[in-house]
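Trainee: Based on what follows, work out the 3D shape:
(2 chains)
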Number of protein chains: 2
Amino acid sequence: MDSHGKAHHKEHNDDVSTKPITLSKYSKRVELKTLLERSDGGAGLAGKRVVIGGWVKSSRAVKKDSPPPPPVASVHGGNHQASTTANISCTEMIQSKMNIFRKLFDVLSGGGKTYPIFDKSELAAQKAPQPPEYTLYLLISDGSSVSSLQVVVDSTMSTVPATQLMALGTCIVAEGVLRQPMAASTKYVIELEAEKLLHVGTVDPEKYPLSKKQLPLHMLRDFSQFRPRTTTVGSVTRVHSALTLASHTFLQYNGFQYVQVPVITTTGFGERFRVTTLLDRAGDKEEKKHVKEKDGFSVDTVTAAIKEKTRLIDHLKRSDSNREAVVAAVHDLKKTSDLASELEMKQKPKAATLVKPEKLDFSKDFFGRDTYLTVSGRFHLESYASALGKVYTFGPRFVAEKIDSARHLAEMWNVETEMAFAELDDAMDCADEFFKFLCKYLLENRHEDMKFISKRVDKTITTRLEATSSNSLLRLSYTEAISTLRKITTRTFETKPEWGVALTTEHLSYLTDEIYKGPVIIHSYPKAVKPFYTRLNDDKKTVAAFDLVVPKVGVVITGSQNEERFEILDARIKDFGFTTEKYEWYLDLRRHGTVKHSGISMKMEHMLLFATGLPDIKDAIPFPRSLGKANN
Amino acid sequence: MDSHGKAHHKEHNDDVSTKPITLSKYSKRVELKTLLERSDGGAGLAGKRVVIGGWVKSSRAVKKDSPPPPPVASVHGGNHQASTTANISCTEMIQSKMNIFRKLFDVLSGGGKTYPIFDKSELAAQKAPQPPEYTLYLLISDGSSVSSLQVVVDSTMSTVPATQLMALGTCIVAEGVLRQPMAASTKYVIELEAEKLLHVGTVDPEKYPLSKKQLPLHMLRDFSQFRPRTTTVGSVTRVHSALTLASHTFLQYNGFQYVQVPVITTTGFGERFRVTTLLDRAGDKEEKKHVKEKDGFSVDTVTAAIKEKTRLIDHLKRSDSNREAVVAAVHDLKKTSDLASELEMKQKPKAATLVKPEKLDFSKDFFGRDTYLTVSGRFHLESYASALGKVYTFGPRFVAEKIDSARHLAEMWNVETEMAFAELDDAMDCADEFFKFLCKYLLENRHEDMKFISKRVDKTITTRLEATSSNSLLRLSYTEAISTLRKITTRTFETKPEWGVALTTEHLSYLTDEIYKGPVIIHSYPKAVKPFYTRLNDDKKTVAAFDLVVPKVGVVITGSQNEERFEILDARIKDFGFTTEKYEWYLDLRRHGTVKHSGISMKMEHMLLFATGLPDIKDAIPFPRSLGKANN
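Mentor: Residues are numbered from 1 along each chain as shown, chains lettered A, B, ... in the order given. Below you'll find the predicted structure:
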């Protein structure tokens, strides 16, 4: 393996078109990636028999006309053009009322894209009581690749009605033979002619929240159990997965040992989550939200009203009413839905109020003392660095600050390193090379996904990653950064850039987006704006800490040389107003065999934002946890 | 890279003795591994100039006699034999009273090894007010390798007294030239002749808890910040690190995508830790333990008594008193130390008592509802498997059961996988191959550490790992296991092996240690002894679940095919007495596009116990969390 981890997961450039098909390990089918991510797109596989499985992404039905061909011969005979007379899109058949409402909502909210609200085939299909026999073209995805496979199914092959087979999200396991598509116009190199459906997992279209059309990411968040089925979230997950392996590979390749630091801790500071077994589960009863009312509407009645109004719009459209009537009905529905949002808002919990736990004695808690969720692995990691040299960890970090922003989660995952015998420069080198390695790794190993995300989310990501991975990052001191910002006359910052202030999001954004137009490392901050454990510089005013800041996202990596001198550390802990009692074990590292040491901490979700161009961190983690939100 | 991940971290067999020395990335020194784990042991590097850093593992001083040679010429001249006249071991000089007590305690507790309690040089050294000039031989470890490097230092090179340089745990950064050792008898192939000490981090021997001698692992647990400095814990950590990379490598190589499942959850069952911000930090005051008394002794007075008695024994030994007097004094000390243990026991928290949180309203908590630490990533993982096919995660799992055993921790880390389109057999194949891969990976990539652990902890580990990695594991059903156990007449089990009972530790141990003498997979358990989500077999009595059980340790991997049929899952949830309300999102996966799926869960710390032969799980994780114990 070369230093870029190329040997893993090469998704492209496997150019042997005669390569045999690899069966998926630990599941009885072939992964679509194996078929579709070959350099020939799978063309060389025509004639091979395979079992595939996946979920329907979109579908099309072609009615089979007179005379109904013998079920097997015709379907497998390959003379499809002959039997094709009517080409009906049946996809809309399975759109639920909920989905229609969503689409309406999207149109009205003016949020960029517009979608067709309905089409006539919907009505037509519903009028036909017994759909005739169809050849179904199902586009199937199994999540192993951004690409989908077209599966051709004869509707007589299954007892499940064609509309259900075609419904978005239906799970299909099919056995068949790969072939070049019949239709010359198709964009697919290969398709599967199904001979047997081994499994069908239907959806309930009335309740299935995903529509065929692209739903805005923020709407998907309420359905975290389903959102990986969308192409964008699927791609983002595969990129996330690649970043994880790349992190372990880079660090272990460079001599770091992985250390399992604890999630439950007694040290740490700031707003923390308490971990306790002192409270029984009486609270479970409170879990149900109380229905609030407004204007005489409760959530239940407003939901019923929305259903009724949606049905009306539906009817108006089908009966070819004039456009004005539809628009008016839609407007009315919009008002009701706003009310629904407001009611839902009311149900959201307010900021938690503190309760004096007079009756609680934490010496009787599970661990015999106060315990919290870790805010950082730094302290524990330092103790292992003071023995093993270079160590790292990857784990969840928790902050209970009551803020809700596009850059903050209550639970985030960090890659943290600590290196003995290392100074600030070493840590900056480590951050620089680690960051660039990750960018390069994605370009080389997640080509297809990056291409898709680039198309769907942010067109600039590929050039941004390329530019980043080939240059050393600019390094400037905090003092230089402030002086640069002070020279700006064309803009007034909300926080005036004066030496001593913490750099705000606005400052950082101006530096990276406007001035340097790329990632930079800012180092040597005033001691008051960085944690007590960062090493005091000789000027006694600044500390050996830095941030790697990127455009749009902000800080992706923080790092510092950490104080190895006992007296100074001890004094700094007290300066910050902490009691040294619970840091005694940490101070011990300076009492006995102290060593210069430095570390970095990469915020995985922020790195993913940079790599994908996603604007909100809630989409950069599968199950986001934020103020008032923990769905599952 | 081949499928065994060989290309990573090859620790041995790099046989180019002319290979240049690689500088450590991100720290200004050469890692000792680079020097010592070459096939020539470093011999080819003689004459090269390097900077190294590390901590003193042991030391020896050789007094330099008349006439004191010119500092540079003599030390670097290479004619050492000439200046060597007295060979005094100075190591004992730095043994603190605490360490002496420890060593005594070890002798008395009869726990295997005995150590010399003191030697005459200790007294001799203390009598010498100004130690003369020495050549110091410091054995240095930097944690990159199980091996240490001998560094030869002239005592005049530093203002730090020789005794402090020699103290166990002192941190040294030295620049010098590599050479073949002068003394022919030495076991080292190469040593460093120091020319400059760039950094010395001293220890305070009065307070430094580690002794040069091998401390029992259970005593080290109270000093988790220092225990990686012991060779055994260092090796175990490197093995742990290798298992982590091997897990990611195996799974991603086999097409699994990493998914970040949350630590804070609303689902799950059993004894859980609550996560809350509703309680303020008034509890902090309670953190101090109350001193309890017994027989008129408090912890403070008994500590003083131990010191006094230790001093007495010391004195008796130095004054060549008869053996009986020493034994009597030692016996007396033992009684006092027992008392100390008892007092410490009393200070341990009792099982936590539940307090009714009348005043707490969890709808006002941070997330607006009850939240807990996750007990399993299974549910969340299933939702991603139902979109991406094969997924895995690696994260902390928490159980708040009030048990304290050598196989249980409150915080343990699991590798969990979930595979769509997979049945029980697939999951068992996955467990089998994953398990064997890990065994093989350690044999090939952690050769030196495994050799050391084998010597120090369990001589059978290497043959055990070899046997395991080359054969498919035996698979038997629960019914067969019970029937086998029922045939045993030579032994009465505490729980009678009857169909329907959960297999106990005793049963599992008998099967793996006595009957099959190796790891086995037991599958198809009665439905009542496995979780509700495991798939019901056609017999309606058993479920498609299995355990991979290994000798001495017990279950290392659990796995199951998970119920994909909505009605059956729904009924099983109710059978177990749970409300389906908080499982609605999980049931959704069966409502919409359901698929057969299976998964496994490997307990990382249990795997480490199997691989290393360590008897207690508290030594298989850096910072153990167990009932009444969370040190940092």
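
Trainee: Give me the below-cutoff pLDDT ranges for chain A.
Mentor: Within chain A, the stretches with pLDDT under 70 are A:1-19, A:65-131, A:183-186, A:211-214, A:280-332, A:334-359.

Trainee: let's see it at 80
Mentor: For chain A, the stretches with pLDDT under 80 are A:1-20, A:64-132, A:182-187, A:211-215, A:280-360.

Trainee: And the helix or strand where residue A:545 lies, what does it pack against?
Mentor: Assigned by DSSP states H and E, residue A:545 belongs to strand A:542-550. Using 3 or more C-beta pairs under 8 Å, 6 or more residues apart in numbering or on different chains; DSSP states H and E as the contact test, the elements touching strand A:542-550 are helix A:424-445, strand A:520-526, strand A:554-562. Backbone N, C-alpha and C define where each C-beta goes, glycine included.

Trainee: among those, which is the most enclosed?
Mentor: Ranked by mean neighbour count under mean count of other C-beta atoms under 10 Å in any protein chain shown, the helices and strands packed on strand A:542-550 are led by strand A:554-562, which reaches a mean of 24.

Trainee: centre of the chain versus that one, how much separation?
Mentor: Distance of strand A:554-562 from its chain centroid, counting by C-alpha atoms, centre = their mean, to the nearest Å, is 23 Å.

Trainee: pretty sure residue A:272 contacts residue A:371?
Mentor: No: using C-beta atoms under 8 Å, residue A:272 is not in contact with residue A:371; the gap is 9.7 Å.

Trainee: Chain B contacts on the stretch 101-250 of chain A?
Mentor: A:142-144, A:169-171, A:173, A:199, A:201-204, A:207-208, A:224-226, A:228-229, A:234, A:237-238, A:240-241, A:244-245, A:248-249 (C-beta under 8 Å from any C-beta of the partner chain).

Trainee: ok, back up a step: higher neighbour count, residue A:272 and residue A:371?
Mentor: The residue with more neighbours, out of residue A:272 and residue A:371, is residue A:371; 25 against 20, by other C-beta atoms under 10 Å in any protein chain shown.

Trainee: who's in contact with that one?
Mentor: Taking C-beta atoms under 8 Å, 6 or more residues apart in numbering or on different chains as the criterion, residue A:371 is in contact with A:264-266, A:274-276, A:365, B:630.

Trainee: What count of nearby residues applies to residue A:208?
Mentor: 24.

Trainee: OK, contacts around it?
Mentor: Here residue A:208 is in contact with A:96, A:167-169, A:226, B:591-592 (C-beta under 8 Å, 6+ apart).

Trainee: Correct me if wrong: residue A:465 contacts residue A:613.
Mentor: No: using C-beta under 8 Å as the test, residue A:465 is too far from residue A:613 to be in contact (10.1 Å).

Trainee: Which one's more surrounded, those two?
Mentor: residue A:465 (21 against 18).

Trainee: What residues sit buried inside the helix or strand where the more buried one lies?
Mentor: Assessed by DSSP H and E, residue A:465 sits inside helix A:461-470. For helix A:461-470, the neighbour count (16 or more other C-beta atoms under 10 Å in any protein chain shown) marks A:461-462, A:464-465, A:468-469 as buried.

Trainee: and if you look at stretch A:396-413?
Mentor: Buried, per 16+ other C-beta under 10 Å, within stretch A:396-413: A:396-400, A:407, A:409-413.

Trainee: I'd like the contacts of residue A:371 as a markdown table, with secondary structure and neighbour count appended.
Mentor: Output for the contacts of residue A:371, formatted as a markdown table (DSSP: H, G, I helix; E, B strand; the rest coil; neighbours: other C-beta atoms under 10 Å in any protein chain shown):
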| residue | secondary structure | neighbour count |
| --- | --- | --- |
| A:264 | strand | 20 |
| A:265 | strand | 25 |
| A:266 | coil | 17 |
| A:274 | strand | 24 |
| A:275 | strand | 29 |
| A:276 | strand | 25 |
| A:365 | coil | 25 |
| B:630 | coil | 24 |
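
Trainee: Nearest to residue A:481, out of those: which one, please.
Mentor: Set against residue A:481, the nearest of the contacts of residue A:371 by C-beta to C-beta is residue A:265 (32.9 Å).

Trainee: mind listing what that closest one touches?
Mentor: Here residue A:265 is in contact with A:371-374, A:380, B:630, B:632 (C-beta under 8 Å, 6+ apart).

Trainee: now residue A:591
Mentor: Listed by C-beta under 8 Å, 6+ apart, the contact set of residue A:591 reads A:566, B:203-204, B:207-208.

Trainee: how about the residues you listed, which pair is most distant?
Mentor: Largest separation among the contacts of residue A:591 by C-beta to C-beta: A:566 and B:208, giving 13.5 Å.

Trainee: What residues does the stretch 501-632 of chain A have near chain B?
Mentor: When proximity is defined as C-beta under 8 Å from any C-beta, the stretch 501-632 of chain A approaches chain B at A:564, A:581-582, A:585-586, A:588-589, A:591-596, A:598, A:604, A:621-623, A:625, A:627-632.

Trainee: 6 Å instead, please
Mentor: Residues of the stretch 501-632 of chain A lying near chain B by C-beta under 6 Å from any C-beta of the partner chain: A:585, A:588, A:591-595, A:621-623, A:625, A:628, A:630, A:632.

Trainee: How much space separates residue A:370 from residue A:465?
Mentor: Per C-beta to C-beta, to the nearest Å, residue A:370 is found 44 Å from residue A:465.

Trainee: hmm, back to that, in ChimeraX, select just the buried ones from the contacts of residue A:208.
Mentor: To isolate the buried members of the contacts of residue A:208 in ChimeraX, using 16+ other C-beta under 10 Å:
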select /A:96,167,168,169,226 /B:591,592
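
Trainee: Mind checking which of the contacts of residue A:208 land in strands?
Mentor: Counting by DSSP state E, no part of the contacts of residue A:208 is found in strands.

Trainee: what sits against residue A:529?
Mentor: residue A:502 (C-beta atoms under 6 Å, 6 or more residues apart in numbering or on different chains).

Trainee: on contacts alone, who are the packing partners of the helix or strand in which residue A:165 is found?
Mentor: Assigned by DSSP H and E, residue A:165 belongs to helix A:162-166. Here helix A:162-166 touches strand A:134-141, going by 3 or more C-beta pairs under 6 Å, 6 or more residues apart in numbering or on different chains; DSSP states H and E.
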